[in-house]
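Q: Following is a predicted model, sequence given first.
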Amino acid sequence: MSRRHRARKIILDVLYRLEIDKVAPGEVLDDYREEMAAKEIDAFVERVLAGVVAKMPELDKIIDAHADKWALNRMPILDRNILRLGVYELKYEDDIPASVTINEAVELANMYSTDDSGRFVNGILGRLVKDREV
């Protein structure tokens, strides 16, 4: 597993726990400090997680506008957070190619969510890139 993949997994875990437990990101991140031992992982996780949390209303609007017939609050929690992470990377992380972001998001969806989640995530993120929305 690559460093960035491990970092994305940690970010997804933290976003999930933030939504379920309603706690501050710092409280949840403390549980992952050992996994974040590599400096690159730590910096990426902290930067991207802070960005996703800060931009969540904007990210949610983008997702909602492109999720045909799916209200954001009806999506599985994991899918919603994978999409938030993916949209954030596509919009704000210029050093990551769109294809890498989409592939990573689909892989996370396939590994941790429903059988249809990979296709769902791929469709929304792919549409955003195609329409140059991000």
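A: Okay, I see it.

Q: buried stuff in the host helix or strand of residue 118?
A: For residue 118, the element it lies in under DSSP states H and E is helix 117-130. Using 16 or more other Cβ atoms under 10 Å as the test for burial, helix 117-130 gives 117-118, 120-122, 124-125, 128. Where C-beta positions appear, they are placed from N, C-alpha and C, glycine not excepted.

Q: gap between residue 47 and residue 92?
A: Distance, residue 47 to residue 92, by Cβ to Cβ, to the nearest Å: 9 Å.

Q: nope, residue 79 is what I was after
A: Counting by Cβ to Cβ - residue 79 and residue 92 are separated by 20 Å.

Q: Which one of the two is surrounded by more residues?
A: Neighbour count, other Cβ atoms under 10 Å: between residue 79 and residue 92, residue 79 has more, with 25 against 15.

Q: what angle do the helix or strand encompassing the more buried one and helix 117-130 make?
A: Applying DSSP H and E as the criterion places residue 79 in helix 77-92. Orientation of helix 77-92 against helix 117-130 (axes from the mean of the first three to the mean of the last three Cα atoms, to 10 degrees) gives an angle of 20 degrees.

Q: which of the residues in the longest helix anywhere in the chain are buried?
A: Ranked by residue count under DSSP state H, the longest helix found in the chain is helix 39-66. The neighbour-count check on helix 39-66 (16+ other Cβ under 10 Å) flags 41-42, 44-46, 48-49, 51-53, 55, 59-60, 62-63, 66 as buried.
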